[in-house]
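Novice: Predicted model and sequence below, questions to follow.
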Amino acid sequence: MTDAHRNRRIRWLALGMVGVFLAILARLFQIQQVEPESFSARGDQFRTQLAERIRRGTIVDRRGRELAISTYAYSLYVDPSYYRQLLRLGRFTSEELAQRKATLARILSEVLNVPLSEVASRLDSPRAFEWVRRWVDYETLEALEDRLRQVHLGWWPRSALDYRIEERRVYPRGSLAAHLIGYTNVDGKGLDGLERRYDQLLRSQEVARRALKDGRGRVLDPQALAEEPPEFTVQLTTTLDERIQFFLEEELEAACQKTRAAGGVGIVMNPRTGAVLALANHPAFDLNAYNDPKIPTAVRRNRAIWWPYEPGSVFKVFTLAALLEEGRVRLDEPIFCENGLYQPHPRLRPIRDVHPAGWLSFEEVIVQSSNIGVLKVTSERLPLDRFREYLIRFGLDQKTGIDLPYERTGSLAALRDPSGYALYYAPWGQGISVTPLQLLVGVNALANDGVLMKPYVVAAASDPSGRRLWEASPTPIGRAVRPETARRVVQVMRRVVEEGTGRAAQLPGLSVAGKTGTSQKVSPQGGYERDAFVASFVGFFPAEDPRYSILIVIDEPQGEHYGGRVAAPVFRRVAERILQYERLEAGLASAGEHEDL
């Protein structure tokens, strides 16, 4: 082949390649600019969307331990119209269908532990859909399949029975922190506690995922065009510590059983930040059986935020703070306590002190919890409106604003009575009411140099990847008293524990500030119950730099009923277990550091 012939072939080949390239460019121009909708529509023929559900968010304690999670379970249902259709089509006689229904009803009743009459009525229902039982585990489903197979029955269309895979809310710790966590109904709607307060954030969601399909419409690969959806919507990290919650519940239950009490409330907080570390009610209930009709409505209620009660002598710390802030009394000032019996007004009943005394310094009045000494000073020196103003500063006239539903507030209405009689009984905690949380939040202000902090339970919300969506921060509400006043009150509260009515709350080697309280319960018929009391103790430690504040309230203890003897020992035992837990955690952390080295 000559060079001229070879060159000619190369030129034709090059021209051909240029032509193909230009044709491709023209086609691309047509696809992108002239007929884009047409070609996009053709591509859409091979794409589809799959609906998938993202499970309800999880709730964990401050160390990530699961408190509420969602899993999948099997929910069984029947279509009663199935049998009517078989009869209409002449597939079975009436007797044969009745026998099949009776057999199915018997198996369902035995395997699912549902009353036979209840199953039979659902199979005879005029409707086309009836639940048999929700949330059955896989093992039960397998057992049911085996029984059905033995009698030549099975799932629809071989019988009226079928199942759906549904989301189920599970509480791994059962009754732990039940009143704080709350619960959802069978349809996943939050009804109480954090489940209700953060329902919109936690709620499960349906999302659409893109997928490829073939010419017959069959899905080829759900993963081809999209990543795996997240397992749950959001994770709520609470301020709760599971171990501290366990300590509180165990000790509260033991005290209520020992004293045969009607109930009890306990709260543990960080007084500097307002974070709730534990919150307990006794009796409690298993969150996994929240709809058990045997659980009384009163047991479901979170009494820590719902129950206004007359606090008794624990209230004296607020009276002391108001008097010191106003400069109306000196702590070393002698007060005559009338030897334990005093009638402050002809129209009021006499006041008796549990520990009769003559002359006491005003500090000793608080340490020995003399009602007479407190009411004499307050009624003679502090105007009613000024006293009420200080109680408002401590947040005792309004809800605390905690992130939980159904919070109530106590009442200071008696302080609006123009007669002024309230100054004879309100200063020692009678005739007014507060909720347990209101009381502890107010005392926390004394531990926090006079600054009132808003209580909170949820510390942060994160997406499934761990990225923080938002984070709570300590929120000051306002100043109740000056720092120096708060510190003087704390010093008196230390003496209450060291040598006064709160000695049972002492912790070896650690300073504790606290106050006891014992109050009579108000009678529904008016006046006070003769033999029904509420015993309380509130305190914090270490007194000079508080990390923990604890309130213990025992409702209607039988026999011994004084706060210093009933509630203060519970405070001590909870505090001791918290400190032991702290030391254990510190030891584990130290061991981990050494391992890293």
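Specialist: Now that the structure is in, tell me what you want to look at.
Novice: mind listing the helices for the stretch 101-250 of the chain?
Specialist: Assigned by DSSP state H, counting those that start in this stretch, the stretch 101-250 of the chain shows helices spanning 116-123, 138-150, 178-181, 193-197, 199-202, 242-259.
Novice: Show residues contacting the second one.
Specialist: Around helix 138-150, the neighbours that count as contacts under Cβ atoms under 8 Å, 6 or more residues apart in numbering are 74, 76, 104, 107-108, 110-112, 136, 154-155, 159, 161, 163. (C-beta placed from N, C-alpha, C; glycine too.)
Novice: and if we set it to 10 Å?
Specialist: 72-74, 76, 103-104, 106-108, 110-113, 133, 136-137, 153-155, 158-159, 161, 163 (Cβ atoms under 10 Å, 6 or more residues apart in numbering).
Novice: Same check on the first one?
Specialist: If you take Cβ under 10 Å, 6+ apart as the criterion, helix 116-123 is touched by 77-80, 82-83, 100-102, 104-110, 112, 114-115, 129-133, 159-161.
Novice: in it, what counts as buried?
Specialist: Neighbour-count burial for helix 116-123 flags 119-120, 122-123 (criterion: 16 or more other Cβ atoms under 10 Å).
Novice: Next one: G559, what pLDDT does it get?
Specialist: Note on G559: pLDDT of 93.
Novice: In contact with the residue lying closest to it once chain neighbours are set aside, which residues are there?
Specialist: Excluding the flanking residues, the one nearest G559 by Cβ to Cβ, 6 or more residues apart in numbering is T259, at 6.8 Å. Counting by Cβ under 10 Å, 6+ apart, T259 touches 535, 554-561, 565-567, 570.
Novice: measure T259 to E253 for me?
Specialist: To E253, T259 is 11 Å away according to Cβ to Cβ, to the nearest Å.
Novice: now swap in W155 and tell me
Specialist: Distance from W155 to E253, by Cβ to Cβ: 45 Å.
Novice: try R572
Specialist: Where E253 is concerned, R572 sits at a distance of 16 Å (Cβ to Cβ).
Novice: Of the two, which one has the most company?
Specialist: Set side by side, R572 and E253 show more neighbours around R572, with 24 against 16, by other Cβ atoms under 10 Å.
Novice: could you give me the average pLDDT of the longest helix seen in the chain?
Specialist: Looking across the chain with DSSP state H, the single longest helix is helix 568-596. Mean pLDDT, computed over helix 568-596, is 83.
Novice: Make 35 the first number, not 1, from now on.
Specialist: Fine by me, first position is 35 from now on; the one you just mentioned is helix 602-630.
Novice: Mind giving me the packing neighbours of that helix?
Specialist: Helix 602-630 sits against helix 276-293, strand 297-303, strand 310-316, helix 517-533, strand 547-556, strand 562-575, strand 582-589, with contacts defined as 3 or more Cβ pairs under 10 Å, 6 or more residues apart in numbering; DSSP states H and E.
Novice: Could you dump these into CSV with mean pLDDT and distance to L425 added?
Specialist: Below are these laid out as CSV (pLDDT from 0 to 100; distance: least, Cβ to Cβ, whole Å):
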stretch, mean pLDDT, distance to L425
helix 276-293, 98, 27
strand 297-303, 98, 20
strand 310-316, 98, 22
helix 517-533, 98, 14
strand 547-556, 96, 16
strand 562-575, 96, 16
strand 582-589, 98, 17
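Novice: Turn the ones you listed into CSV, columns for distance to G392.
Specialist: Formatted as CSV, those follow (distance: least, Cβ to Cβ, whole Å):
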stretch, distance to G392
helix 276-293, 33
strand 297-303, 36
strand 310-316, 40
helix 517-533, 18
strand 547-556, 22
strand 562-575, 27
strand 582-589, 32
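Novice: first vs last residue of stretch 88-102, how far apart are they?
Specialist: Using Cα to Cα, to the nearest Å, the end-to-end distance of stretch 88-102 comes out at 15 Å.
Novice: Would you indicate which residues of it are buried?
Specialist: Neighbour-count burial for stretch 88-102 [16+ other Cβ under 10 Å]: 88-96, 101-102.
Novice: Stretch 541-556 too?
Specialist: 541, 545-556.
Novice: Equivalent analysis for stretch 383-400, please.
Specialist: 385, 387, 391, 394, 396-400.
Novice: now swap in stretch 502-514 and tell me
Specialist: Neighbour-count burial for stretch 502-514 flags 506, 511, 514 (criterion: 16+ other Cβ under 10 Å).
Novice: tell me the contacts of the second one?
Specialist: Pointing back at I511 there. For I511, the contacting residues are 308, 427-429, 432, 434-435, 475, 479, 485-489, by Cβ under 10 Å, 6+ apart.
Novice: ditto for the last one
Specialist: The neighbours of A514, taking Cβ under 10 Å, 6+ apart as the test, are 352, 355-356, 359, 424-430, 476, 478-480, 482-486, 520.
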